[in-house]
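K.L.:
with the sequence up front, the predicted model follows.
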2 protein chains.
Amino acid sequence: MKLLDIAEVASLTGTAASTLRFYEEKGLIASIGRKGARRIFEPSILQRLALISLGRTAGFSLEEIGRMFASSGAMDLDRDLLRAKADELDEKIGRLQAMRDGLRHAAECPAPRHSECPTFQRLLQRAMSGRLAPERQTPAARLRSL
Amino acid sequence: MKLLDIAEVASLTGTAASTLRFYEEKGLIASIGRKGARRIFEPSILQRLALISLGRTAGFSLEEIGRMFASSGAMDLDRDLLRAKADELDEKIGRLQAMRDGLRHAAECPAPRHSECPTFQRLLQRAMSGRLAPERQTPAARLRSL
DNA sequence: CTGCAAGTTCAAGTTCACTTGAGGTCAAGC
DNA sequence: GCTTGACCTCAAGTGAACTTGAACTTGCAG
């Protein structure tokens, strides 16, 4: 099992070395040791970084992602929380789909103004359903609710 | 056609008044005029703000969103760009779906470590296909996307 | 053995999207 | 007429997620 130095991890994952150091400082990743002053990583770091990247894409903060990794290093969370996050993603996916359809339609629609096109209106409606007045939540409150 | 003051727009859209002023400064919205020093808005501002919120959820920056509104005020863009954005969204949706499936699976899977579960592995693979690093997202965008 | 590219730390800087604060104006209700 | 509060401007502050810079050290090719 080949060990990796920071440059290898960086180029294999597309993550800047500075970001890796930053993530280590934040406790999201860990180097298995040092060779002199230089960090060395296990290959499993690649999966871990994939997971982090994925979580970021899904809209989780580094803080949240950090909590998803138990001390064991595995994803280890309350199943209810996992399900709740999945539901959250479902909603987001739905809105993104509507947005995508809206864009696609806008690219094809011959109407001079999309605001006058009923199809566009319907898509906009769907994309926004239930979130015209998004209950503003403080970061602190959001953290508490985890 | 009832005109709205900043407080009405704020409460109808859930957008803070300070944000509305900020958006105006950035050219994303415009007030139709002033009553004394106070901004007054056309009701169509509500749709515009819905569109902005939608775009933010879809991961576009304010800058990008600004460019999507031509001077006319309608969404008026190069159709190719619109299509490209739609494709971008498609990819993102795919990844989010995989992530959602991964979370859902993690909530059910009896395996002690998800890193040893082939189903989870497959989902992770799919979620990550063709991408190394996540795009940057602001905290505000994350809050909105809840 | 030496040169130097590539690593290290730590502090400070950057970007984005807002928010907050200080200080001021003004219309409306008492 | 006076107070109150919602609005105004402009500048500075905030938090997340990094990046950059300065100053220093080290592994390894030549």
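P.N.:
Yep, it's here.
K.L.:
which residues of chain A lie near DNA strand C?
P.N.:
Selection of chain A residues close to DNA strand C by C-beta under 7 Å from any atom of the strand yields A:Asp5, A:Ile6, A:Ala7, A:Ala17, A:Arg21, A:Ala37, A:Arg38, A:Arg39, A:Arg136. Bear in mind the C-beta positions are built from the backbone N, C-alpha and C, glycine included.
K.L.:
out of these, which touch DNA strand D?
P.N.:
Near DNA strand D, judged by C-beta under 7 Å from any atom of the strand, the entries from the residues of chain A next to DNA strand C are A:Arg21, A:Ala37, A:Arg38.
K.L.:
give me the phi and psi for the nearest residue to the last one once chain neighbours are set aside.
P.N.:
Excluding the flanking residues, the one nearest A:Arg38 by C-beta to C-beta, 6 or more residues apart in numbering or on different chains is A:Asp5, at 6.1 Å. Main-chain torsions, A:Asp5, degrees, to the nearest 10: phi -100, psi 170.
K.L.:
give me the pLDDT for the closest residue to A:Leu3 other than its chain neighbours.
P.N.:
In space, and not counting its chain neighbours, A:Leu3 is closest to A:Ile40: 4.9 Å by C-beta to C-beta, 6+ apart. Model confidence at A:Ile40, given as pLDDT, is 97.
K.L.:
ok, A:Ile40 touching A:Leu20?
P.N.:
No - in this structure, A:Ile40 is not within contact of A:Leu20 by C-beta atoms under 8 Å, at 12.0 Å.
K.L.:
ok, A:Arg34 touching A:Glu24?
P.N.:
No - with contacts counted by C-beta under 8 Å, A:Arg34 stays clear of A:Glu24, the gap being 11.6 Å.
K.L.:
just to revisit the earlier point, let me see the contact set for the residue nearest to A:Arg38.
P.N.:
Contacts for A:Asp5 (C-beta atoms under 8 Å, 6 or more residues apart in numbering or on different chains) come out as A:Lys35, A:Arg38, A:Arg39, A:Ile40, A:Phe41.
K.L.:
top of the residues you listed by neighbour count?
P.N.:
A:Phe41 (23 neighbours; other C-beta atoms under 10 Å in any protein chain shown).
K.L.:
just checking, that one touches A:Val9?
P.N.:
Yes - here A:Phe41 reaches A:Val9: they are 5.3 Å apart, a contact under C-beta under 8 Å.
K.L.:
which residues in chain A form helices?
P.N.:
Counting by DSSP state H, chain A has helices at residues A:6-13, A:17-25, A:45-57, A:62-68, A:79-108, A:118-128, A:139-144.
K.L.:
out of those helices, deepest packed?
P.N.:
With neighbours defined as mean count of other C-beta atoms under 10 Å in any protein chain shown, the helices of chain A peak in mean count at helix A:45-57, which reaches a mean of 21.
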